[in-house]
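Q: Got a sequence here, can you build the structure:
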Amino acid sequence: SSLLAETSTPRGASRTNIVPRGSLAMSEDITRSTTEPRNVTYEFKGEDHTLGNSLRYMLMKDPSVEFAGYTVPHPSEPIMNVRVQTHEGTKADDCVKTALTNICDVCDHVLKTYNKAVKRYGKA
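A: Below you'll find the predicted structure:
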């Protein structure tokens, strides 16, 4: 289940759409700041610290990632920047895809656990 689909834009940047797995129909735009595959800054539109901190955490758990960090330039702007640098031989896009998939998996697990607890509570 691919989460990133890339298209070209002017000035060497590329535009990428995130399409979450499952039945969610939402998509967010991402701008990639460079063409070097292992050193990339992504600009997520419509995102903030919620995704930024989770994504940074998941990226740093990946041994292929040398550096991951995020910033929200200003609270009134719905933009979050993520910087990813990987070790030789690994593409930043692949690490971001894996990290986003891992976040989805964690959310699925939390939802499943919550629903089971609600059912158990209702029977008690």
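
Q: can I assume V82 sits in a helix?
A: No. The assignment for V82 by DSSP: H, G, I helix; E, B strand; the rest coil gives strand, which leaves it out of any helix.

Q: who's in contact with it?
A: Neighbour list for V82: T41, Y42, F44, G52, L55, R56, L59, A68, G69, Y70, V96 [criterion: Cβ atoms under 8 Å, 6 or more residues apart in numbering]. For every residue, glycine as well, the C-beta is placed using N, CA and C.

Q: Give me the buried entries from the residues you listed.
A: Buried by 16 or more other Cβ atoms under 10 Å: T41, Y42, F44, G52, L55, R56, L59, A68, Y70, V96, out of the contacts of V82.

Q: Can you flag which of those residues belong to strands?
A: T41, Y42, F44, A68, Y70 (DSSP state E).

Q: how about low-confidence regions in this protein?
A: 1-28, 124 (pLDDT under 70).

Q: Going along the chain, name the strands of it.
A: 4-8, 14-18, 28-32, 39-45, 65-71, 79-86.

Q: Now do the fourth one and strand 28-32, the angle between them.
A: Spelled out, that is strand 39-45. Interaxial angle, strand 39-45 versus strand 28-32 (axes from the mean of the first three to the mean of the last three Cα atoms, to 10 degrees): 150 degrees.
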